[in-house]
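Novice: Predicted model and sequence follow; I will ask about them next.
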Amino acid sequence: MSKAYDTIVVGAGPSGSASAYHLARAGLRVLLIDKEKFPRDKVCGDGLNSRALSLLSEIGITPKDLKAHGGIQIVRYRHFTDEREGVDSLRDSISGSMLGLGISRFKLDELIRQRAIAVGAEWLGKAEVTAVSCNSQPRVFMVRTDGRESYRARSLVISSGAQSTLHNPFLVQRSLWKPSAIGIRSYFQVLSPHNCRTFDFFYLSYLPGGYGWIFPVRDDLYNVGIWVARVKFRNLKECYAQFIHEVVTPCLPADWKMVTQPRGAMIGTRPEICSHDPFALLVGDAAHLADPVSGEGISHALESGKSSTSHFLPLLS
């Protein structure tokens, strides 16, 4: 007989681990599953806005903690178009308060996962979920992994990403699952450490529906990428090469070099996707909660993870 839980969370990104944290802290028996061994990398811009920082503080991860793990304090945003530049300050020059931070998902996701485990969530890594079903008598979700183990729970959180198909049996409209944007990024290292504390955004005519970015994630490392909503995948690398040639080369110090190959990821920006089963909740990228204007998804992922408590507690009590 498989072990029973109140909730099984499939996917340990920010939304899944935040869900596991809040549900376990509320006293539920939670199993958090991911197909990867943690820590692991994830394609992302690695940027945290003020809302994300606030939500992370609620689960015990403060800006001080993030900086202790290599996070870079951001003091301003800069926005560029084909014609001009605009600057939005992110820090009061007197108080020095921080409203932005850069940190790799390799470190961030692991910190959130550890917080979920610290409050009682059980962890199962390197276990890919291959099937999810629901029995009606008694009502229980059955989750099967590639190792043929099965687990059962009274409720289910699906946080397995924008391309996941695990939620198909529970969707209100299946046709909405396909992601509507795509991003690509790589890391660029400079030989001489810098003191850049700026998120740079480039709204360019050849990046329709999106933008390019240069974000510092370490004193000698930048996350450089683009995301677009209306460019075919085969043209994405061409756009990225143009962005590097026309923007990155003039902006970065002359001693830069690309230290990782470009990696791409789908971005779900259609939030009308949802589950018809109240006991199966979609969160984060699985629910296509990335902002359709900015492409930002971490704060929305954390917010949806937090909402799992208010959603499930009345149903499971």
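Specialist: Received, thanks. The structure displayed is predicted, hence computed values, not measured ones.

Novice: any weak-confidence spans in the stretch 1-150 of the chain?
Specialist: Along the stretch 1-150 of the chain, segments meeting pLDDT under 70 span 1-2, 87-98.

Novice: again, only this time at 80
Specialist: For the stretch 1-150 of the chain, the stretches with pLDDT under 80 are 1-2, 83-99, 136-137, 148.

Novice: So which residues of it form helices?
Specialist: Secondary structure of the stretch 1-150 of the chain by DSSP state H, counting those that start in this stretch: the helices cover 14-25, 50-58, 63-68, 105-118.

Novice: So which of those is nearest R78?
Specialist: Across these, R78 has its closest neighbour in helix 50-58 (16.8 Å, CB to CB). To be clear about C-beta, it is placed using only N, CA and C from the backbone, and glycine gets the same treatment.

Novice: I'd like to know which elements that closest one is packed against.
Specialist: If you count contacts as 3 or more CB pairs under 8 Å, 6 or more residues apart in numbering; DSSP states H and E, helix 50-58 packs onto helix 63-68, strand 100-102, helix 298-316.

Novice: The shortest one pairs with which strands?
Specialist: The partner list of strand 100-102 in its sheet, established with DSSP bridges, is strand 47-48 (antiparallel), strand 72-74 (antiparallel).

Novice: and the last one, how far out from the chain's middle?
Specialist: This points to strand 72-74. 18 Å (CA atoms, centre = their mean, to the nearest Å).

Novice: Mind listing what's buried along stretch 47-54?
Specialist: Neighbour-count burial for stretch 47-54 flags 47-49, 52-53 (criterion: 16 or more other CB atoms under 10 Å).

Novice: export these to TSV and tack on distance to R197?
Specialist: Converted to TSV, the buried residues of stretch 47-54 look like this (distance: CB to CB, whole Å):
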residue	distance to R197
G47	12
L48	13
N49	15
A52	17
L53	15
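
Novice: Just the closest of the residues you listed to H22, please.
Specialist: Using CB to CB, A52 comes nearest to H22 of those, at 15.5 Å.

Novice: which ones are touching the closest residue to that closest one other than its chain neighbours?
Specialist: With CB to CB, 6 or more residues apart in numbering as the criterion, A52 has its nearest non-adjacent residue at 4.0 Å, and that residue is S299. Applying CB atoms under 8 Å, 6 or more residues apart in numbering, we find S299 in contact with 48-49, 51-52, 55.

Novice: returning to what we had before: of the buried residues of stretch 47-54, closest to S317?
Specialist: Proximity of the buried residues of stretch 47-54 to S317 was ranked by CB to CB; the top entry is A52 with 29.9 Å.

Novice: how far away is E85 from D200?
Specialist: Applying CB to CB, to the nearest Å, the value for E85 to D200 is 9 Å.

Novice: can you put the strands paired with strand 100-102 in TSV and add distance to W123?
Specialist: Converted to TSV, the strands paired with strand 100-102 look like this (distance: least, CB to CB, whole Å):
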stretch	distance to W123
strand 47-48	24
strand 72-74	28
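
Novice: closest one to R263 among those?
Specialist: Nearest to R263, of those and by CB to CB, is strand 47-48 at 16.4 Å.

Novice: Tally up the residues packed near K35, please.
Specialist: 18 (other CB atoms under 10 Å).

Novice: who touches the residue nearest to it when sequence neighbours are not counted in this structure?
Specialist: Leaving aside its sequence neighbours, K35 sits nearest to E128 (CB to CB, 6+ apart; 3.7 Å). The neighbours of E128, taking CB under 8 Å, 6+ apart as the test, are 35, 145-146.

Novice: ok, so of those, who is nearest Q137?
Specialist: Among these, and counting by CB to CB, the member closest to Q137 is T145, at 24.2 Å.

Novice: any idea how far the nearest residue to the closest one once chain neighbours are set aside is from R148?
Specialist: Of all residues not flanking T145 in the chain, A127 sits nearest, at 4.3 Å (CB to CB, 6+ apart). According to CB to CB, A127 and R148 sit 11 Å apart.

Novice: I figured the residue nearest to T145 hits L32, correct?
Specialist: No: A127 lies out of contact with L32 (CB atoms under 8 Å); the separation is 10.4 Å.

Novice: Could you check which of the two has the larger neighbour count?
Specialist: Neighbour totals were compared for A127 and L32, and L32 leads with 28 against 19 (other CB under 10 Å).

Novice: What spatial separation is found between the residue of the chain positioned farthest from its centre and F279?
Specialist: Outermost residue of the chain with respect to the C-alpha centroid, by CA atoms, centre = their mean, is Q137; its distance is 35.8 Å. Applying CB to CB, the value for Q137 to F279 is 15 Å.

Novice: pLDDT below threshold where in the stretch 201-317 of the chain?
Specialist: Those would be 230-234, 268-275, if you go by pLDDT under 80 across the stretch 201-317 of the chain.
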